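Peer 1: next one to model:
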Amino acid sequence: MMASISVLRLACGDLAGDAPLWLTAQAFVREWFKPGLVASLAQEDLVFKHSAAAFLAYRIFNQLLFPVRVDGGIGLAPVTEDASQAGDQARTYAQRILLQSQSFPTSTVLYNADFFEDALVNTQLLHWASVKADQSEIQALLSLLYEMHYPLYLAADMEEEANLALGIQRIWQAKRKYLAQDEKLAAYQTLDLSAPKAILYRDIEEGLDRSQYYVTGFFKKGYAASIARIAQTSRQNIDYHLQNGRFSWERDTAAALVLQLAREEAAL
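Peer 2: Residues are numbered from 1 along each chain as shown. Next up, the predicted model:
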């Protein structure tokens with residue numbers, strides 16, 4: 001029997017529930033996170049075995065749907081005897097905290113397990129959200145193209161997809177009209193995904209740089225040329241954004257949150 005159930009509930013600005021972009025993104029995430037998902041009759045929610053996977057799924061939704069605002073609420077409830085009751089409880093927690101997430105000026109996800117350490121996790125989540133908010137529009141857009149080369153990955157909760165290019169292509173087609181409406185993003189409406197660099201899959205626990213006394217090691221060089229080919233722009237342009245977009249800090253902070261969520265879940 002599962003020890004807990006985690007529900008991710010999202011609010012995506014004015015994006016309708018039947019919008020092609022939302023449906024494409026949801027199908028993409030459900031396929032990639034299939035090992036970590038629990039069957040649910042509520043299509044508006046994603047139900048996970050672990051809250052760390054729910055956070056990573058939110059992070060991917062944030063990248064997939066950009067420039068649409070994405071707010072999230074993650075609810076976690078322990079499973080005692082009745083898994084459906086735990087799911088209802090986690091769903092209630094997720095809805096309550098989602099309402100608080102929506103009160104912030106930019107895309108935010110918060111966490112609710114009705115546990116005394118929730119405030120510590122949420123302080124870290126708000127810090128991570130501020131790092132994301134500091135990225136320029138182009139840097140936020142390019143984060144997905146970096147992710148398709150070296151994704152933050154949990155082996156127990158995610159599929160090791162051999163090629164994410166087709167899914168990314170479908171997402172890009174679905175959000176082309178949103179990119180066209182933004183003067184800074186209009187130049188990135190088309191991708192060339194004919195020859196992306198091979199994907200590096202490494203579980204977050206394995207990716208830690210254990211020579212350091214803080215979480216690091218989740219940003220690697222060597223992808224700028226491939227991203228430039230995909231985005232059909234110059235290598236110098238990509239280098240600039242990778243160096244100035246706080247990609248390393250965002251990824252290391254997200255990995256630290258994954259570890260923290262796993263620790264709190266174990267303590268429940």
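Peer 1: and A225, that's in a helix?
Peer 2: Yes: assessed with DSSP: H, G, I helix; E, B strand; the rest coil, A225 lies in a helix.
Peer 1: roughly how far apart are it and F219?
Peer 2: 16 Å (C-beta to C-beta, to the nearest Å). Just so you know, the C-beta spots here come from the backbone N, C-alpha and C atoms, and that holds for glycine as well.
Peer 1: in terms of neighbours, single out the busier of those two.
Peer 2: Between A225 and F219, F219 has the larger neighbour count (other C-beta atoms under 10 Å), namely 17 against 12.
Peer 1: burial count for the residue nearest to the more buried one when sequence neighbours are not counted?
Peer 2: Among residues not flanking F219 along the chain, S248 sits closest, at 3.6 Å (C-beta to C-beta, 6 or more residues apart in numbering). Using other C-beta under 10 Å, S248 has 16 other residues around it.
Peer 1: quick one: secondary structure of S248?
Peer 2: helix.
Peer 1: contacts only, for it.
Peer 2: 216, 218-219 (C-beta atoms under 8 Å, 6 or more residues apart in numbering).
Peer 1: ok, the residue lying closest to P105 once chain neighbours are set aside - contacts?
Peer 2: Among residues not flanking P105 along the chain, A133 sits closest, at 8.0 Å (C-beta to C-beta, 6+ apart). By C-beta under 8 Å, 6+ apart, the contact list for A133 reads 105-107.
Peer 1: how does it look with 10 Å?
Peer 2: 104-108, 140 (C-beta atoms under 10 Å, 6 or more residues apart in numbering).
Peer 1: before we move on, the earlier item: and of the contacts of S248, the nearest to A25?
Peer 2: F218 (22.9 Å; C-beta to C-beta).
Peer 1: counting neighbours, what do you get for the closest one?
Peer 2: 24.
Peer 1: chain neighbours aside, what residue packs nearest to G167?
Peer 2: Per C-beta to C-beta, 6+ apart, closest to G167 is F28, 4.7 Å.
Peer 1: doesn't that neighbour belong to a strand?
Peer 2: No: per three-state DSSP, F28 lies outside any strand segment and is helix.
Peer 1: surely it and W172 touch.
Peer 2: No: taking contacts as C-beta atoms under 10 Å, F28 lies outside contact range of W172: 11.4 Å.
Peer 1: what sits in contact with each of those two?
Peer 2: Joint contacts of F28 and W172 (C-beta under 10 Å, 6+ apart) are L64.
Peer 1: from F48, how far off is the closest residue to Q102 other than its chain neighbours?
Peer 2: The shortest distance from Q102 to any residue other than its chain neighbours is 4.9 Å, reached at D71 (C-beta to C-beta, 6+ apart). Counting by C-beta to C-beta, the separation of D71 from F48 is 18 Å.
Peer 1: equivalent analysis for T123, please.
Peer 2: Counting by C-beta to C-beta - T123 and F48 are separated by 22 Å.
Peer 1: which one's more surrounded, the two?
Peer 2: More crowded of T123 and F48, by other C-beta under 10 Å: F48, with 27 against 10.
Peer 1: and the gap between L259 and G167?
Peer 2: 27 Å.
Peer 1: which of those two has more neighbours?
Peer 2: G167 (19 against 14).
Peer 1: which of the residues in the helix or strand containing that one are buried?
Peer 2: Element membership for G167, per DSSP states H and E: helix 165-174. Across helix 165-174, burial judged by 16 or more other C-beta atoms under 10 Å covers 165, 167-168, 170-172, 174.
Peer 1: using PDB, write out the CA atom coordinates for that helix.
Peer 2: Output in PDB follows, covering the C-alpha atoms of helix 165-174 (Å, rounded to 0.1, in the frame of the first residue of the first chain):
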ATOM      1  CA  ALA A 165      11.500  16.000 -29.500                       C
ATOM      2  CA  LEU A 166       8.100  15.000 -30.800                       C
ATOM      3  CA  GLY A 167       6.300  16.000 -27.600                       C
ATOM      4  CA  ILE A 168       8.100  19.300 -27.600                       C
ATOM      5  CA  GLN A 169       7.300  19.900 -31.200                       C
ATOM      6  CA  ARG A 170       3.600  19.400 -30.500                       C
ATOM      7  CA  ILE A 171       3.700  21.700 -27.500                       C
ATOM      8  CA  TRP A 172       5.400  24.400 -29.600                       C
ATOM      9  CA  GLN A 173       2.800  24.100 -32.400                       C
ATOM     10  CA  ALA A 174       0.000  24.500 -29.800                       C
END
